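S.K.: I would like the atomic coordinates for the input below:
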Amino acid sequence: MYKTNSTAPKKFGSHTSTFKTKPRFSGGKFNNSRPRFSRTGSRCALKRGRFGGERIDASRFIKKAIHVEEKLYVAKHNFIDFPFNPQLHKNIANAGFIHPRPIQDQAIPVVLTGRDVFGMANTGTGKTAAFLLPLIEKISKTKGLSKKEKVLIMAPTRELALQIESDFKKLAFGFGMFSVACVGGLPIMKQIREIKLGVSFVIGTPGRLRDLIDQKVLDLSTCHSVVLDEADRMLDMGFRDDMVYIIGKTAKERQTLFFSATLSPEIRKMTEQYLKDPIFVSVISGETAKNIDQDVVRFITKEEKIEKLHEVLTKDGSDKVLIFREMKHSVDSLAKELAHAGFKVGGIHGDKRSRERIRILDSFKKDQINILIATDVAARGLDIPDVTHVINYDVPQTYDTYVHRIGRTGRAGKKGTALTFVPA
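M.R.: Down below sits the predicted model:
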């Protein structure tokens with residue numbers, strides 16, 4: 001029996017409040033105490049332990065699940081209560097939305113008033129619709145005006161940006177609105193053509209957005225609505241300077257919406273600089289999910305390690321497994337080894353072409369493969385339902401990374417399993 005000495009992160013309850021800090025705007029640079037990353041997200045050299053990460057007591061990876069019945073959230077609104085265009089209400093119904101989720105229930109009425117919002121929400125909480133629906137309504141009202149407004153949505157990864165655009169196309173059906181996904185790894189000339197034809201929603205990653213601005217293709221001067229989705233992840237990936245540069249190109253009078261899973265000093269500083277008298281909305285559950293069974297798998301040799309992985313993958317209940325590795329080449333080698341053993345598996349990392357990553361992710365979501373191997377950078381922003389197991393085949397570099405990884409399972413009140421392979 002192992003005991004854990006881990007301390008749970010501060011728990012935030014669902015609440016709404018205003019920041020009391022006096023807002024200010026500045027296009028200057030931030031002091032950044034975090035590790036520096038390149039635009040592609042690769043980590044620079046750091047003073048760490050022997051294997052490149054902080055030393056984490058293995059007992060912190062062990063915790064028995066405590067099944068917790070999710071408290072039924074009682075929404076203050078129904079979707080029909082929101083003053084949306086009839087076509088938007090029709091699209092909401094066609095998307096299968098019945099009752100607003102907590103972030104939607106609390107954020108949508110505020111966004112509709114034109115106020116700035118800082119939303120604390122994890123991936124998979126419904127935050128995409130929380131900002132898309134009111135912004136689609138906002139832009140629909142500018143139709144026919146001589147100077148059309150744009151909406152800018154920044155996301156940390158191409159997968160999340162493409163997912164947001166896919167949701168936009170469903171929710172904006174019938175409005176005659178067009179969007180462009182400005183992401184690396186996909187043809188830039190196609191994105192340039194779409195921008196020149198005219199778009200209402202610009203959705204992209206900071207690196208490609210900045211490239212298009214520098215080429216004088218993308219003009220954000222008529223952008224009066226800005227969304228930073230997973231702002232903390234963008235900072236983690238080294239996009240701070242790009243974010244500052246891009247926001248500086250938008251209209252000074254604008255509505256700004258930040259969504260983040262954490263409230264780090266850097267995030268707080270950005271809210272002070274870029275949000276004007278914002279409303280704070282939090283639906284963070286806070287602690288590592290209690291209904292995730294966490295344990296370690298000890299091994300001595302490389303051969304024993306792969307054998308034990310095979311045992312886990314062939315057990316009943318290992319229906320949909322997400323495996324994390326630290327290195328890109330390790331993803332490829334393990335995917336090849338498991339495929340050779342007869343498993344239905346795919347691997348994604350930053351060096352894979354966008355089309356290939358999209359194809360593999362789609363196969364995993366549709367259960368055409370039941371094992372996905374990924375690096376942390378490639379897995380950021382993914383929202384994949386019904387993952388039964390998260391396996392840390394390599395020990396994560398930080399405990400925060402561990403918490404982020406295992407949060408992909410045990411969602412929506414379901415039980416999940418997290419296993420971390422550690423040397424004996």
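S.K.: the one helix or strand Ser333 maps to - contacts with which helices or strands?
M.R.: Counting by DSSP states H and E, the element that carries Ser333 is helix 328-340. Using 3 or more CB pairs under 8 Å, 6 or more residues apart in numbering; DSSP states H and E as the contact test, the elements touching helix 328-340 are helix 302-314, strand 345-348, strand 371-374. All C-beta atoms are positioned from the backbone trio N, CA, C, and that covers glycine.
S.K.: give the other helices and strands that the second one contacts.
M.R.: Using 3+ CB pairs under 8 Å, 6+ apart as the contact criterion, the elements in contact with strand 345-348 are helix 328-340, helix 354-365, strand 371-374.
S.K.: quick one: the helices in the stretch 1-150 of the chain?
M.R.: Per DSSP state H, counting those that start in this stretch, the stretch 1-150 of the chain has helices spanning 86-94, 102-112, 127-140. These are given in chain order.
S.K.: okay, the angle between the second one and helix 127-140?
M.R.: In other words, helix 102-112. An angle of 20 degrees separates the directions of helix 102-112 and helix 127-140 when computed by axes from the mean of the first three to the mean of the last three CA atoms, to 10 degrees.
S.K.: then helix 102-112 to CSV, C-alphas only?
M.R.: Taking only C-alpha atoms (Å, rounded to 0.1, in the frame of the first residue of the first chain), the coordinates of helix 102-112 have been written out as CSV:
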residue,chain,number,x,y,z
PRO,A,102,-22.0,25.5,-16.6
ILE,A,103,-19.5,27.6,-18.5
GLN,A,104,-22.1,28.3,-21.2
ASP,A,105,-24.8,29.1,-18.7
GLN,A,106,-22.6,31.6,-16.9
ALA,A,107,-20.5,33.1,-19.7
ILE,A,108,-23.0,33.5,-22.6
PRO,A,109,-25.2,36.2,-20.9
VAL,A,110,-22.0,38.2,-20.0
VAL,A,111,-20.5,37.9,-23.5
LEU,A,112,-23.8,39.1,-25.0
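S.K.: got the contact list for it?
M.R.: With CB atoms under 8 Å, 6 or more residues apart in numbering as the contact definition, helix 102-112 has outside contacts at 14, 16, 73, 75-77, 82-83, 100, 117, 119, 121, 125-127, 129-131, 133-135, 137-138, 255, 257, 279, 281, 283.
S.K.: chain center to that helix, what's the gap?
M.R.: What separates the centre of helix 102-112 from the centre of its chain is 19 Å, taken as CA atoms, centre = their mean, to the nearest Å.
S.K.: what does stretch 73-89 give?
M.R.: Once both centres are worked out by CA atoms, centre = their mean, stretch 73-89 turns out to sit 25 Å from its chain's centre.
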